[in-house]
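1. Need coordinates for the following:
(chains A and B)
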Amino acid sequence: MNTLIDRLAKLFSISDVVHQRPNLAFVTTPMENTIHLITHLRDRESFSLFVMLSCVDWIEDNQFQLTYVLNNPTEKIDVGIRCFINRDSATMESAHYLWKQVATYQRELKEMYGIDFPGSPRVDESFILEGWDNIPPMRRDFDTKKYSEETFFPRERPQSNDPAQYMKSKLYPDE
Amino acid sequence: MSFKDVLIPFKAWGNFFKEPVTLKNPMREAAPRYRGFHKNNVNECIGCGTCESICENEAIVMIPVDSVETKNGDSGLRPMVDYGRCCWCGLCVDVCTTNSLSLSNEYTWVAEDPEEMKYIPGVDKKPWDENEKGWKKPEGNFSYYPLERPHMQELHPEDRDHSFIEIVKGYSDEEALLEADRCVECGICTATCPAHMGIPEYIKAIRNKDVEEGLRIMYETNPLPEICGRICTHKCETVCSLGHRGEPISIRWLKRYIADQVPTSKYAEVLRQDSVEQNGKKVAIVGAGPAGLSAAYYLRQLGYSVTIFEKLIAAGGMMRYGIPEYRLPYDQIDKDVDYILAQGVDIKYNTEIGKDIAFEKLEQDFNAVYVATGLHSGRSTRVPGSDHAMVFQAIDLLRKITLGEPIEVAEKVVVIGGGNVAMDITRSMARLQKIKYGKVNVIATALESEDKMPADREEIVEAREENAVINPGWGPREIVVENNTVKGLKVVRCLSVFDETGRFNPSFDEADTNFFEADMVVESIGQGADLGFIPASYMEKLEKDPRGRIKVDPHTYQSSLEWLFMGGDIIEGPDVIHGVANGHKAAKGIDLLLNK
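-> Alright, predicted model coming up:
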């Protein structure tokens, strides 16, 4: 794995290398280089399998983190490529032409986070949220509780007790 | 539509003759770490409610349980889980402060009524209670919060053993934030604090980087935060929920951190105490110790004219005249005291009731009197030789050290006692020996075995770091005097201090003896109150308990004489925070009397 990272470092701008396990490492690369790096890994380093594409909303930094996980079935190793994109203009170059199934992940990310992948097949079609009329639900500024209270039938929650207040009522009610 | 499309629906009928693919009950067992229904060890659970706080789905509520008593360190509440809301994420298990909560790997439960699908794990019996599989917090130090507190910087023993400079340096901003960040805000500590300080609230203020808000919260219940931030007995920390798996939150040091951050010059602005309307009533307080100062502060907030009569030249009582400066610097006492006095409290120093002013005069001139004179009379072991001139009371020596008066410092000293006062005089003598002789030769001995010594553990450790010898588990038999010179202390092995009924009744092994060489012996086995300033005519009217102690109302500290209130160490404690608490309660009690 170390030699792979060394080879990549000579060709691409990579940082924040995390050796999660002997057979799994993560690297971070600027978004402009990400698809080049993924293509290189597929075509030159035998990472022929696309495992998944996921996203984290770092709302405090106004960024989305995209993580592409690839697998090299010969070496039985995985590598995750991370990149950060601006949260306000959430657009990323599509990788659907590298693996067909990437389009499905990108469609999901469009729906759940509002990240656009121009050119990706059916990217604007609903994925699972038919008729969704709110901000993308996986964005951290989406208020799940408020949405469910407004949308679904309310279910009363039993009365809870604050431990400190309850102890006061039991142990020193007059103070 | 093709012919094939027409035939397809009929193909399904072929499934009639196949083995069903649905699973029969009992279902197959889930994986060993599957997250199924909750279990809770109710004896280990303390009802801190952290599981409820972390649950994003509001699936947990804290419910009183008949079989669990509410007591210090245990709210008496237990979590009830609603499976209409639970998503089995396991965060409640991972955050649990006591490790009592876990998940079984059971995942099937059939009920007609969905409202049935909530229960109190460990209380409401379920088939999976004995299921050992499922999700538990990972072994080892896995934790959502650090299990250890930031290390407190202290003066190295070689740098402190020859001076009275403060040992503990206090937390930096970064350390205080780290420590405040560990607090889970359960509030279990609040009940145990005698003053019921808003501990989670002021710790939260540190997290919010708002120490001024922290100071305001502390002053609601304690006007001595600099002092208590240094020498409080911090019983709150003994019940801290984090203490079940790691080190409890450093509540005392965080209190000090807040008080240290706000300079005296900003107190008035920060505490924003508007001028209180004066009610024209006058209260006398005898003794400017923690209870007297606390009562004075809160009485001023209620509009009373307050006069404190203090026998000595400065305020603080045992805090100034009992606790050495290396634990509690005098300027920090002054910081708290000065703010109280700045509220308009009149203080008469060098004024002894019964000598300079008659007790009767207080009754005549004031609407109410609060007596909080503390325990300043040392008790003697009364063993043979204890009346020798080189046998001293710890409390007298500590007072003289504060006053700057010369005291005897012998080359070899033995201290009798295992409490904090004994450690204070042991460490003070060690310093004075180091200064005078360049070496330390002081032995502290106590009846109790080391694990039962009443002194704080850190006091014992630090005393040893300063080359004092702590040799507990011995009972004094005789202070050996030859040619009118103290030669040492003869002791016998103490087997137990209390009898089966819990009464002080030490037993000894007379065959197991020891001898500690000494030129000077210091007794520190406890202090008593000196209420000689209260005339016999009043004493006769005061109701006493069966043990002869003056009875007061536990909520108001009012004695059987309506105008006379008593508090501080003479009633409970002895420690500063009890004094602060009962001074506050007495202030409310006096207000109740004078405002009715």
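2. Would you pull up the residue in chain A closest to chain B?
-> A:Ala164 (2.8 Å; C-beta to the nearest C-beta). All C-beta atoms are positioned from the backbone trio N, CA, C, and that covers glycine.
3. distance between the lowest-mean-pLDDT helix or strand in chain B and the chain's centre?
-> Ranked by mean pLDDT, DSSP states H and E, the weakest helix or strand in chain B is helix B:3-11, scoring a mean of 78. On the basis of C-alpha atoms, centre = their mean, to the nearest Å, helix B:3-11 sits 80 Å off its chain's mean C-alpha point.
4. repeat for stretch B:333-351
-> Centre to centre, stretch against its chain (C-alpha atoms, centre = their mean), the figure for stretch B:333-351 is 25 Å.
5. quick one, strands of chain A?
-> Under the criterion DSSP state E, strands of chain A are mapped to A:15-21, A:24-28, A:49-58, A:63-72, A:77-86.
6. As CSV, the ones you listed with distance to B:Leu564 and mean neighbour count would be great.
-> CSV is the format used below for the strands of chain A (distance: least, C-beta to C-beta, whole Å; neighbours: other C-beta atoms under 10 Å in any protein chain shown):
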stretch, distance to B:Leu564, mean neighbour count
strand A:15-21, 71, 11
strand A:24-28, 74, 18
strand A:49-58, 65, 16
strand A:63-72, 69, 20
strand A:77-86, 72, 20
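7. how many other residues sit next to the residue of chain A closest to chain B?
-> A:Ala164 sits with 23 neighbouring residues when counted by other C-beta atoms under 10 Å in any protein chain shown.
8. can you tell me how far it sits from B:Glu154?
-> Here A:Ala164 is placed at a distance of 32 Å from B:Glu154 (C-beta to C-beta, to the nearest Å).
9. beta partners of residue 82?
-> All of this is about chain A. A:Thr28, A:Thr67 (DSSP bridges).
10. my bad, the chain I had in mind was chain B
-> So, taking DSSP bridges as the rule, B:Asp82 has B:Lys118 as bridge partners.
11. Tell me where chain A has helices.
-> A:2-11, A:31-44, A:102-113, A:144-151, A:163-171 (DSSP state H).
12. Could you dump those into TSV and include distance to B:Cys236 and mean pLDDT?
-> Below are the helices of chain A laid out as TSV (distance: least, C-beta to C-beta, whole Å; pLDDT from 0 to 100):
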stretch	distance to B:Cys236	mean pLDDT
helix A:2-11	50	94
helix A:31-44	50	97
helix A:102-113	45	97
helix A:144-151	33	86
helix A:163-171	12	97
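13. Now tabulate those in JSON lines and tack on distance to B:Lys436.
-> As requested, the helices of chain A are arranged in JSON lines below (distance: least, C-beta to C-beta, whole Å):
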{"stretch": "helix A:2-11", "distance to B:Lys436": "64"}
{"stretch": "helix A:31-44", "distance to B:Lys436": "73"}
{"stretch": "helix A:102-113", "distance to B:Lys436": "74"}
{"stretch": "helix A:144-151", "distance to B:Lys436": "70"}
{"stretch": "helix A:163-171", "distance to B:Lys436": "50"}
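14. Tell me who's in contact with the nearest residue to B:Pro454 once chain neighbours are set aside.
-> The shortest distance from B:Pro454 to any non-neighbouring residue, by C-beta to C-beta, 6 or more residues apart in numbering or on different chains, is to B:Gly419 (4.4 Å). By C-beta atoms under 8 Å, 6 or more residues apart in numbering or on different chains, B:Gly419 lies in contact with B:446, B:453-455, B:524, B:526.
15. Quick one: buried ones out of those?
-> Neighbour-count burial (16 or more other C-beta atoms under 10 Å in any protein chain shown) is assigned, among the contacts of B:Gly419, to B:446, B:453, B:455, B:524, B:526.
16. For the third one, grab phi and psi.
-> Yep, that's B:Ala455 we're talking about. Main-chain torsions, B:Ala455, degrees, to the nearest 10: phi -70, psi 150.
17. quick one: it from B:Asn420, how far?
-> From B:Ala455 to B:Asn420 the distance is 5 Å (C-beta to C-beta).
18. And A:Ser13, by the same measure?
-> With C-beta to C-beta as the criterion, A:Ser13 and B:Asn420 are 62 Å apart.
19. and what of A:Asp133?
-> 67 Å.
20. For these two, indicate the residue with more neighbours.
-> B:Asn420 (22 against 5).
21. Go ahead and confirm that one touches B:Met453.
-> No. Here B:Asn420 lies out of contact with B:Met453, judged by C-beta atoms under 8 Å, at a distance of 9.7 Å.
22. List the contacts of B:Lys355.
-> B:Phe533.
23. Is it part of a helix or strand, or is it coil?
-> coil (DSSP: H, G, I helix; E, B strand; the rest coil).
24. how far away is it from B:Lys544?
-> 25 Å.
25. same question, A:Asp6
-> For A:Asp6 relative to B:Lys544 (C-beta to C-beta), the value is 86 Å.
26. Check B:Ser386 too.
-> 29 Å.
27. Same check on B:Ala342?
-> For B:Ala342 relative to B:Lys544 (C-beta to C-beta), the value is 38 Å.
28. Likewise for B:Gly419?
-> 26 Å.
29. For chain A, what's the nearest residue on the stretch 451-596 of chain B?
-> For the stretch 451-596 of chain B, C-beta to the nearest C-beta, closest residue to chain A: B:His555, 5.6 Å.
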